[in-house]
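J.: Provided below for reference: sequence and predicted model.
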Amino acid sequence: MTARTSARDATPAPPPSEPGVGAPPESGARARTRRAILDAAVTVLSAHHGASLADVAEAAGVGRTTVHRYFAERSDLVAALGADVRERLQEATVRARVEDGPAPKALERLCLEYFELGDRLMLLFDVPQFLSWAGFEEETDSDRVLVRLIQRGQAEGTVDTEADAEWLQNVLWSLLYAAWMQARDYGTPRHTALSSCLHTLRKAMAAS
């Protein structure tokens, strides 16, 4: 996994616990319960990477059998978390309006959006079970959008042309990871960690 592959958009075949292709949408209550389980899993797994489904159930305020109805195995929960991260990355990419204005400003907007997904994205770096998740190494639409944005900046002369676009993509993800670590492990205020990330990004991406 490279720094840029923290989450992937090319969706693998859905696990047994997820609705299949063509299945009717989940009811409102079922969707809310599923969301509560996923959100609780992020909190629990962030604190303890080896947490069980029972731990997740307790944090979600539901019974263990309820969790098992949605996610029969821990691997099913991991796959669902990965798919959820991919979806959130895609939504964040849309919100960043990467086609608007100069490429460096669009890159900063993208970093701002991605930074808010830190808790979820850190799981994909930190929880060993994600190494065997089918979506771990798949390129996403968000990946391709980011590379094209960097290439646009290089064509415009606003982004360093001496570095490969994929290299700069990995630099961006590495800086985000460092900012998340700074906030989580060193108690640095989130806005300070983000400001440091953006400052270094400007220096790293700046055209010569």
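T.: Noted; the coordinates are in hand. Residues are numbered from 1 along each chain as shown.

J.: now for Ala29, how many residues are close by?
T.: Neighbourhood size, Ala29 [other CB atoms under 10 Å]: 8. Every C-beta, even on glycine, is put in place using the N, C-alpha and C of the backbone.

J.: residues touching Val98, list them.
T.: Ala106, Arg109, Leu110, Val145, Leu146, Leu149 (CB atoms under 8 Å, 6 or more residues apart in numbering).

J.: what do you get if the cut-off is 7 Å, keeping everything else the same?
T.: Ala106, Leu110, Val145, Leu149 (CB atoms under 7 Å, 6 or more residues apart in numbering).

J.: same question for Gly82.
T.: Taking CB under 7 Å, 6+ apart as the test, what Gly82 contacts is Ala7, Leu124, Phe130, Trp133, Gly135.

J.: how about Asp39, nearest residue that isn't a chain neighbour?
T.: Ala60 (7.6 Å; CB to CB, 6 or more residues apart in numbering).

J.: that neighbour and Ala36 touch, don't they?
T.: Yes: contact status for Ala60 versus Ala36: in contact at 4.9 Å, counting by CB atoms under 7 Å.

J.: settle it for me: which of those two has more neighbours?
T.: Ala60 (22 against 15).

J.: what sits against that one?
T.: Ala36, Ile37, Ala40.

J.: what about it, distance to Gly82?
T.: Using CB to CB, to the nearest Å, Ala60 is found at 18 Å from Gly82.

J.: and Asp164, by the same measure?
T.: 27 Å.

J.: what's the answer for Val159, then?
T.: Taken as CB to CB, the span from Val159 to Gly82 is 30 Å.

J.: any weak-confidence spans in the protein?
T.: Low-confidence segments of the chain (pLDDT under 70): 1-27, 134, 136-137.

J.: switch the cut-off to 90
T.: Per-residue confidence of the chain (counting by pLDDT under 90) places the weak regions at 1-29, 47, 49-50, 74-75, 78, 123-140, 208.

J.: now, the contacts of Gly82 that are in helices?
T.: Leu124 (DSSP state H).

J.: out of the contacts of Gly82, who has the most neighbours?
T.: Most crowded among those, counting by other CB under 10 Å, is Ala7 at 29 neighbours.

J.: the most centrally placed residue in the chain: which element?
T.: The chain has Leu121 as the residue nearest its centroid, 3.8 Å off, counting by CA atoms, centre = their mean. If you go by DSSP states H and E, Leu121 is part of helix 118-126.
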